[in-house]
Each structure stands twice: as C-alpha cells, then as structure tokens.
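Asker: Have a look at this prediction, sequence included:
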Amino acid sequence: MPQQTRILLVEDHRILREGLRAIFDAEPGFAVVGEAGDGGEAIRRAQELQPDLIVLDLSMPRMNGLDALKDLKRVAPGARVLILTAQLGEEYVFGALRAGADAYLSKDSSAAELVLGLRSVAAGERFLGSRIATQFTQAYLEGRAPNPQGAIPDLISRREREVVKLVAEGYRSREIATYLSISEKTVEKHRANLMRKLQVTNVSGLTAYAIEKGLVTR
C-alpha cells in the first residue's frame, strides 16, 4: 500500500477546517493527521506530529501564519508548506516564500486547483495558484517591481509585531505576558516602543496599524 502524505491543517475557522479536511481525506494518498487554530498551536502540533505537509493560513488570532512559518520549518524540517490564504498582496507572497513556503494559493481557488497544489507540493515541486500567477504576470507587464521585504517593515521587531497584533485583538497586558511567556513590564515596554516608532498615542492607533498591515482583520 502506498505511503500516505500526512497533513497538518492550520486554519482558525472551524467550518473551513472541516471542509478542507473532507477534501483532503477524500484524495487517495493523503490524510489529515492534525489541526490547529493559530500559529502557536501549529508549532506545537507540528513538533509533535512531524507531518509531511502543512496547509497554513496567514491571518489567524494570536500568532499569525507568517510569523509561525520559520518556526514550523525549524520544528518540522521535513514538512513542506502550502499557504492557503485571503492575503494576496505581493509583499505577503514574497514574505511567505522567503520564509520557506513551497506553495501559495488564494482561498477562492477551486477544489481542483487546491488538490493540484497539494499533489505538486507533495511531489517536491513549488506551486503558485492561478490568481497569484496572473497577478505577478500583470505586475511584470506593467513594469512594477514586486516588494520582497515581507508584509511588515523592519521598523518593528518580530516580538513587537506579536505584541501589536495581540493588543489589536483586545488582549490586556497581563494576558499578553502570559501568552508570550514574558513579564507584564516587558509588554508595557514593547507597547511604549511601538507607540514611539509608529508615532501613535493610544491603542486605537496601534489597532489601526495592525489592521492596515493585515495582522488582524475586522
């Protein structure tokens, strides 16, 4: 019997996870062996399960997919990663590919295209969904150079990015400290640094920044 490709499915919407699981489990040679609802949980599950393939959303609560991607490749080095997301900006695509993603598809892809991407990645190939490929071709024809630097500028650190995301999602400093395993004083220091760097004076300003950069959706 041919060996199955073991999939870890990372998506924060339960109903979408159930639909994707049904598609993947129906494909010969594939089996979903685990699920996760955010980046932190995905890292723990990937380390535990050592899947062959990780299907990963980017926009999730607490830790998003882009921040989790490098850690996923570290804890499960044999896993290939297929990004399935609504984030279609060139900066997100390049950020994900630079961080180690093997495929990038839009959530409005057909089931047939998704399965094609799945099989391509499982075979060791790279894959871009048709919408992404068309978007890049159009940018090339118009003479626009894509921005390869990732979705968030180097102005803020990864830890600050994690803090601003959690602040925007409504978590308090004590909750953020517990989730990130740092002190509440350190959280407050990060908040002060963020306000200074981003030139904002309140939580609303931090939230607006997080929404603008696609760290959270409202």
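Answerer: Thanks, I have it.

Asker: Just the helices from this protein, written as ranges.
Answerer: All helices of the chain, identified by DSSP state H, fall at 14-25, 39-49, 65-75, 90-98, 111-122, 130-141, 158-168, 173-180, 184-198, 203-212.

Asker: Would you single out the least confident of these?
Answerer: Comparing mean pLDDT across these, the weakest is helix 130-141, with a mean of 74.

Asker: hey, C-alpha coordinates of that one in CSV?
Answerer: Presented in CSV, the C-alpha positions along helix 130-141 are these (Å, rounded to 0.1, in the frame of the first residue of the first chain):
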residue,chain,number,x,y,z
SER,A,130,-3.6,30.8,-10.9
ARG,A,131,-4.7,34.0,-9.3
ILE,A,132,-1.3,34.6,-7.8
ALA,A,133,0.5,33.8,-11.0
THR,A,134,-1.8,36.1,-13.0
GLN,A,135,-1.2,38.9,-10.5
PHE,A,136,2.5,38.6,-10.8
THR,A,137,2.4,38.4,-14.6
GLN,A,138,0.4,41.6,-14.7
ALA,A,139,2.8,43.3,-12.3
TYR,A,140,5.7,42.3,-14.6
LEU,A,141,3.9,43.5,-17.8
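
Asker: Need the contact partners of it.
Answerer: 88, 90, 93, 104-106, 108-109, 113, 128, 145-146 (CB atoms under 8 Å, 6 or more residues apart in numbering). Every C-beta, even on glycine, is put in place using the N, C-alpha and C of the backbone.

Asker: Go through those and flag which are in strands.
Answerer: Among the contacts of helix 130-141, the residues falling in strands (DSSP state E) are 104-106, 128.

Asker: Mind putting those into a markdown table with distance to Ile23?
Answerer: What follows is the ones in strands among the contacts of helix 130-141, written out as a markdown table (distance: CB to CB, whole Å):
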| residue | distance to Ile23 |
| --- | --- |
| Tyr104 | 18 |
| Leu105 | 13 |
| Ser106 | 15 |
| Leu128 | 19 |
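
Asker: Of those, which is the nearest to Gln199?
Answerer: If you rank those by distance to Gln199 using CB to CB, Tyr104 comes first, at 32.5 Å.

Asker: returning to that earlier point: now, which of the ones in strands among the contacts of helix 130-141 sits nearest Leu84?
Answerer: The nearest member of those to Leu84, counting by CB to CB, is Leu105 at 5.2 Å.

Asker: ok, Ala111 touching Ile23?
Answerer: Yes. Counting by CB atoms under 8 Å, Ile23 is a contact partner of Ala111 at 5.5 Å.

Asker: sorry, back to before: in the ones in strands among the contacts of helix 130-141, find the pair that's most separated.
Answerer: Using CB to CB, the two most remote members of the ones in strands among the contacts of helix 130-141 are Ser106 and Leu128, lying 10.0 Å apart.

Asker: So what are the structural domains in this structure, by residue number?
Answerer: Structural domains annotated on the chain: 5-141, 158-212, as defined by automatic domain parsing.

Asker: That'll do, ta.
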